[in-house]
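# Let me see the structure of the following:
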Amino acid sequence: MVKYRYTALATVWLGLIVYLSFRKFSELALPSFRFQDKIGHLVMYALLSVLLFQALVHELRWTSPLTLAILFSILIGTAIEFGQHYLTTYREASLYDAIFNALGAVTLLFYHSKTPYE
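Have a look, this model is predicted:
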């Protein structure tokens with residue numbers, strides 16, 4: 001069994017988020033429905049914060065894992081939005097995307113309230 005499986009999963013998931021965040025929309029063949037983009041942001045960052053939380057609790061033994069997982073997810077989501085604005089000509093930053101990134105990260109509070117971790 002992998003010793004740092006949550007750390008590995010969180011790293012891979014973060015890599016996927018960064019990869020998808022800097023792809024051109026025209027390169028992604030996804031079905032379209034209302035609020036698809038916002039739901040995607042919420043789900044991606046919710047999973048990121050849960051994986052980070054699990055890694056911090058079970059593998060890295062960090063203090064304040066809940067706060068750190070949420071803050072890191074919010075900061076990385078905001079940084080990616082700025083990166084889309086300043087580093088690309090084909091993507092733009094969106095305040096609403098950043099808000100849904102943060103809402104996704106904060107859903108960790110609901111996960112945490114339902115899941116004992118110690």
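
# Now residue 87: closest residue in space, sequence neighbours ignored.
With sequence-adjacent residues excluded and distances taken as Cβ to Cβ, 6 or more residues apart in numbering, residue 87 is closest to residue 22, at 7.5 Å. (Each C-beta comes from the backbone N, C-alpha and C, glycine too.)

# Look up phi and psi at the one you found.
With angles defined as degrees, to the nearest 10, residue 22 sits at phi -110, psi 10.

# how deep is it tucked in, by neighbour count?
Residue 22 sits with 14 neighbouring residues when counted by other Cβ atoms under 10 Å.

# roughly how far apart are it and residue 89?
Using Cβ to Cβ, to the nearest Å, we find residue 22 at a distance of 12 Å from residue 89.

# now swap in residue 40 and tell me
22 Å.

# Show me which of these two is the more surrounded one.
residue 40 (15 against 5).

# what pLDDT does the more buried one get?
Looking at residue 40, its pLDDT reads 91.

# List of residues touching the strand or helix carrying it?
Element membership for residue 40 (DSSP states H and E) is helix 36-54. Residues from elsewhere that reach helix 36-54, judged by Cβ atoms under 8 Å, 6 or more residues apart in numbering: 6, 9-10, 13-14, 16-17, 20, 30, 65-66, 68-70, 72-73, 76-77, 96-97, 100-108, 111-112, 117.

# what's the answer for stretch 66-79, then?
Residues from elsewhere that reach stretch 66-79 (Cβ under 8 Å, 6+ apart): 14, 17, 41, 45, 48-50, 52-53, 56, 62, 97-98, 101-102, 104-106, 108-109, 112.

# Just the buried ones among these, please.
14, 17, 41, 45, 48-50, 52-53, 56, 97-98, 101-102, 104-106, 108, 112 (16 or more other Cβ atoms under 10 Å).

# Against which helices or strands is the helix or strand hosting residue 100 packed?
Element membership for residue 100, per DSSP H and E: helix 95-106. Packing partners of helix 95-106 (3 or more Cβ pairs under 8 Å, 6 or more residues apart in numbering; DSSP states H and E): helix 36-54, helix 65-87.
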